[in-house]
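[1] Make a model of this:
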Amino acid sequence: MLRIHFTEVDLARIRVAAQPDPMWEVLATLHRLQSRTGRSQFAAWHRTVRVDLGTAGLARPVREVLLSLYPLGPYLPDFLTPPESEGGLESGIDGILRPPRQDVLHEIALLDRVRGVPSWALRLGRPVERRGLTDLIRRYHTVAVAPFTEHMDSGLIAHRSLLARTLLTSGIEGVLSSLGPRIRWREPILEVDYITERDLHLRGRGLRIVPTYFLWGTPVALANAELPPVLSYPLNHAPVPQDPRLDEGAPLGALLGVTRARVLRCAADGLTTGELAHALGVSPSTASRHASVLQEAGLTTSRQIGPAVLHTVTPLGAALLRRDRDGAKAAQARRPHIRTRPDQPDG
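    Next comes the predicted model:
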């Protein structure tokens with residue numbers, strides 16, 4: 001277990017990543033290639049990327065170089081997820097090139113002790129060798145991460161919106177309690193299910209939390225407690241909710257279409273475009289298009305709140321949802337109840 005110790009100052013210095021962090025996403029995707037956990041949730045990505053890496057001539061370099069430096073296990077070199085990557089891919093690349101030779105060699109030696117590394121990894125202290133590594137990381141990112149930017153953006157926007165609402169209703173401690181099933185707030189300590197036992201004392205430095213689209217299972221923190229504290233944790237890839245009343249034959253689904261009926265139902269809770277996309281399992285542009293159709297029909301209304309667009313239902317949309325719910329209850333009441341014999345199990 002990882003125990004992150006907060007002071008009152010640290011609680012005021014929590015930050016949530018504003019955009020997907022490229023280096024944490026690179027790490028997470030490389031773990032997806034090595035593990036079967038989360039395979040069903042990322043099945044489409046996995047099939048696509050396996051083919052695209054081969055087409056780009058990257059299958060062997062990824063297998064022989066990147067997987068050696070990003071293994072599944074108790075230790076990962078911190079220089080591969082630098083704080084500079086908060087500013088984007090090229091800033092992250094600069095962050096990997098920046099550490100002194102001795103620091104990089106120290107981290108490679110730690111990895112060698114835990115996992116074992118190829119002999120070429122010991123040369124990464126030299127700028128020319130590290131530049132070759134960053135060129136490979138850039139090419140890998142182009143194939144395995146960048147094409148999925150829209151999905152990552154929509155997931156992160158939705159997640160940040162939910163955290164913001166939690167902050168308004170339950171305060172910062174409510175936010176810390178809502179980061180996922182593997183993270184628990186027990187004042188003044190954030191307990192994180194972790195592969196090793198360790199304590200991280202923030203000492204007034206605050207914490208940057210990085211919701212990571214391709215991460216699955218256990219959150220990840222930097223090994224060196226003296227570096228700016230970061231916690232990368234998985235976004236929740238919840239299945240698209242299925243409502244049996246919204247099939248093709250249901251009144252609301254038949255009137256609006258299944259997807260637009262779901263958009264209307266979600267808008268009843270007041271969701272942003274990103275949240276709609278996340279809930280429905282579609283792209284933000286698709287969610288926005290459906291919301292626009294409903295708005296033109298007078299069923300929803302949209303307004304800009306900062307960088308996000310919030311969708312809510314109009315009185316007409318609310319009345320339509322109410323009639324649909326009442327109709328479903330009436331249909332349920334009319335449905336005959338089939339009782340089973342005492343010796344017959346329920347089907």
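
[2] which SS state does V117 fall under?
    Here V117 takes the coil state, with states given by DSSP: H, G, I helix; E, B strand; the rest coil.

[3] That one touches E107, doesn't it?
    No - using C-beta atoms under 8 Å as the test, V117 is too far from E107 to be in contact (10.4 Å). In short, each C-beta sits where N, CA and C put it, glycine included.

[4] Just the CA atoms of stretch 216-225, as PDB, please.
    Taking Å, rounded to 0.1, in the frame of the first residue of the first chain, the C-alpha atoms of stretch 216-225 are listed here in PDB:
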ATOM      1  CA  TRP A 216      -5.800   0.000 -15.700                       C
ATOM      2  CA  GLY A 217      -5.900  -1.300 -12.100                       C
ATOM      3  CA  THR A 218      -3.200  -0.100  -9.800                       C
ATOM      4  CA  PRO A 219      -2.300   3.700  -9.700                       C
ATOM      5  CA  VAL A 220       1.300   4.700 -10.200                       C
ATOM      6  CA  ALA A 221       3.500   7.200  -8.300                       C
ATOM      7  CA  LEU A 222       7.000   8.400  -8.800                       C
ATOM      8  CA  ALA A 223       9.600   6.300  -6.900                       C
ATOM      9  CA  ASN A 224      11.800   9.200  -5.800                       C
ATOM     10  CA  ALA A 225      10.000  10.900  -2.900                       C
END
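
[5] Identify all contacting residues around it.
    The contact list for stretch 216-225 (C-beta atoms under 8 Å, 6 or more residues apart in numbering) reads 2, 4, 24, 27-28, 31-32, 35, 37-38, 41-42, 75-76, 78, 81, 107, 110, 180, 182-183, 192-195, 200-201, 229-234.

[6] And the residue lying closest to I195 once chain neighbours are set aside, its phi and psi?
    Spatial nearest neighbour of I195, chain neighbours left out: P74 (4.9 Å); criterion: C-beta to C-beta, 6 or more residues apart in numbering. With angles defined as degrees, to the nearest 10, P74 sits at phi -80, psi -10.

[7] what about P74, distance to R113?
    From P74 across to R113, the span is 11 Å (C-beta to C-beta, to the nearest Å).

[8] just H159 next, same as before
    Computed as C-beta to C-beta, the H159 to R113 distance reads 36 Å.

[9] More neighbours: which of the two?
    Using other C-beta atoms under 10 Å as the criterion, H159 and R113 rank with H159 on top: 21 against 10.

[10] Quick check: which ranges of the stretch 101-250 of the chain have low pLDDT?
    Filtered on pLDDT under 70, the stretch 101-250 of the chain yields the residue ranges 236-250.

[11] and if we set it to 50?
    Scanning the stretch 101-250 of the chain for pLDDT under 50 picks out the ranges 238-249.

[12] quick one, strands of it?
    With DSSP state E, counting those that start in this stretch as the criterion, the stretch 101-250 of the chain has strands at 183-186, 189-192, 198-201, 207-212, 220-221, 230-234.

[13] Would you agree V143 is in contact with G54?
    No - between V143 and G54 there is no contact under C-beta under 8 Å: 9.9 Å.

[14] Between those two, which is the more surrounded one?
    Taking neighbours as other C-beta under 10 Å, V143 and G54 compare with V143 leading, 19 against 13.

[15] so what's the more buried one up against?
    So V143 contacts V49, D52, L53, A56, L58 (C-beta under 8 Å, 6+ apart).
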